[in-house]
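J.: Here's my sequence, what's the structure:
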Amino acid sequence: MPDLLTILTNLAWPFAICIAWMAGEFGKRWTGLPRISFYGIVGFALASTQIGVLPASTSGTGTVLFMADVAFGLILFELGYRINLRWLRMNPWFAMASLVEALGTFVAVYFVALWFGVTTMTALMLASLAMSTSPATVVRIINEQRSSGQVTERVLHLSAINCVLSVFTFNVIVGFWLFHSSSDIGDATINSLVALLISGVIGAVFGVVVPAMLRHLGNLAQDATVAFALAVILIVSITYTMHLSPVMATLAFGLTARHRRVAFSGAQRNFGALGELLTVLLFVYAASTLEWRELMAGGALAVTVVIVRLLTKTLGVTVFSQLSGISWRKGALTGLALAPVSVFVILLLEHARSRGIDVQELRSMAAVTMMLEVFGPIIIQRALIWARETTEA
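T.: Numbering: from 1, shown residues only. Got it, this is the predicted structure:
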């Protein structure tokens with residue numbers, strides 16, 4: 001018969017998910033704030049380094065990280081499915097705005113980090129992570145608010161572009177890190193540019209094969225959600241095993257599937273009950289990897305990075321707002337809605353740790369992550385409401 005400690009350890013994650021779900025439901029009802037903000041608070045509070053309910057994260061690999069990757073993969077598929085490449089080609093000023101705000105954020109955060117005295121490599125990694133906008137938070141809040149309109153669509157497209165640029169830049173920097181610490185240049189290369197290319201190809205292949213199979217089977221409306229969910233699980237498993245990028249693969253899968261014109265109806269957002277459950281786990285897990293000592297150590301730099309990042313993204317989008325077809329006000333709200341960064345950054349750091357990269361120096365990014373784990377969803381919710389694109393407008 002198992003001892004009490006083993007029983008409690010096995011029950012930790014199920015209880016944490018249940019507590020987080022209840023906190024999200026009651027918190028949403030009582031305050032009107034996003035559910036995922038409460039998921040993050042519960043995950044952080046129950047972490048092994050805080051109250052100690054959840055078991056400690058060890059090597060950065062394991063069942064919970066894999067399930068978090070699957071949850072993130074489902075969200076990235078849905079994001080990729082909503083990206084319209086034709087619209088990006090027809091509106092080059094919007095594409096220019098996305099590049100300017102991402103590059104501006106990278107440069108600004110890099111010099112801020114150097115000013116605080118961190119090493120060059122750490123500053124580069126911090127800057128590459130700051131470029132990103134978390135698709136998990138963006139898609140979740142947009143679905144929860146039933147938001148639609150110019151700001152909503154632009155935030156979706158910008159978060160996807162930011163995601164790709166951040167993964168690309170981060171993996172290039174990790175490749176240099178591995179090259180300087182290893183004599184195997186082939187390993188450094190496969191863990192950067194080549195890995196991204198292979199990941200994208202895998203996702204694109206699934207994006208062709210799965211729609212073709214669904215057409216052959218018929219009854220697309222009933223079968224599409226299960227088929228897409230199973231394909232995402234398989235893609236994450238393949239990329240996880242081969243040490244590739246599940247982010248790039250699942251995003252490419254959704255993007256390709258959209259252009260194969262297989263319907264993914266509005267009733268299937270969040271992948272139903274499975275997606276809802278995995279979303280709770282994703283945000284609880286993300287917050288549970290953070291430690292309060294790291295947050296305190298990186299506090300000053302974290303606050304500065306949050307402010308600088310928000311200013312550069314808002315300014316970068318606003319400058320091109322009228323050229324790209326929207327008002328100054330909606331441009332500023334679009335930039336403001338790019339605040340979330342938490343889940344995306346945490347998963348990248350966990351995968352970097354599993355590849356032997358020391359991420360302990362990125363304490364400030366941990367602090368940024370925790371701050372935006374709670375406030376990021378609130379900021380994007382407010383931006384969408386102020387843009388009058390939600391049911392609460």
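J.: Does Leu372 touch Ala339 like I think?
T.: Yes. The pair Leu372 / Ala339 is scored as a contact, 6.2 Å apart, by CB atoms under 8 Å. All C-beta spots, glycine's among them, are computed from the backbone N, C-alpha and C.
J.: Okay, now the unreliable bits of the stretch 1-150 of the chain?
T.: By pLDDT under 70, the weakly predicted segments of the stretch 1-150 of the chain are 1-10, 56-61.
J.: My guess is Pro34 contacts Ile141. True?
T.: Yes. Counting by CB under 8 Å, Pro34 touches Ile141, with 5.7 Å between them.
J.: Name the residues contacting each of these two.
T.: Pro377, Gln381 (CB atoms under 8 Å, 6 or more residues apart in numbering).
J.: Count the neighbours of the nearest residue to Gly149 once chain neighbours are set aside for me.
T.: Nearest non-adjacent residue to Gly149, counting by CB to CB, 6 or more residues apart in numbering: Glu389, 3.5 Å away. Neighbour count of Glu389, defined by other CB atoms under 10 Å: 23.
J.: Give the helix, strand or coil label for Glu389.
T.: coil (DSSP: H, G, I helix; E, B strand; the rest coil).
J.: can you check Gly117 too?
T.: Applying three-state DSSP: Gly117 is coil.
J.: What count of nearby residues applies to it?
T.: 8.
J.: Please report phi then psi for it.
T.: Backbone torsions of Gly117, given as degrees, to the nearest 10, read phi 90, psi 20.
J.: Next, work out how far apart it and Met67 are.
T.: For Gly117, the distance to Met67 (CB to CB, to the nearest Å) stands at 38 Å.
J.: and the helix or strand encompassing Leu251, how far out from the chain's middle?
T.: Applying DSSP states H and E as the criterion places Leu251 in helix 246-259. The chain centre lies 14 Å from the centre of helix 246-259; the measure is CA atoms, centre = their mean, to the nearest Å.
J.: Sticking with Ser48, tell me its helix or strand.
T.: In the assignment (DSSP H and E), Ser48 maps to no helix and no strand.
J.: surely it meets Pro55?
T.: Yes. Counting by CB under 8 Å, Pro55 is a contact partner of Ser48 at 6.1 Å.
J.: Count the neighbours of the closest residue to Arg146 other than its chain neighbours for me.
T.: Excluding the flanking residues, the one nearest Arg146 by CB to CB, 6+ apart is Thr391, at 4.9 Å. Thr391: 10 surrounding residues under other CB under 10 Å.
J.: Same check on Gly32?
T.: 11.
J.: hmm, who's touching stretch 287-307?
T.: 16, 39-44, 46-50, 54, 57, 109, 112-113, 116, 118, 126, 130, 342, 346, 349-350, 362-373.
J.: Narrow those to just the buried residues.
T.: Taking 16 or more other CB atoms under 10 Å as the criterion, what is buried in these is 16, 39-44, 46-47, 49-50, 54, 57, 109, 112-113, 118, 126, 130, 342, 346, 349-350, 362-373.
J.: Which of these fall in helices?
T.: Residues of the buried ones among the contacts of stretch 287-307 located in helices (DSSP state H): 16, 39-44, 46, 109, 112-113, 126, 130, 342, 346, 349-350, 363-373.
J.: Buried ones in the helix holding Leu251, by neighbour count?
T.: In helix 246-259, counting by 16+ other CB under 10 Å, buried: 246-258.
J.: Nothing else from me, thank you.
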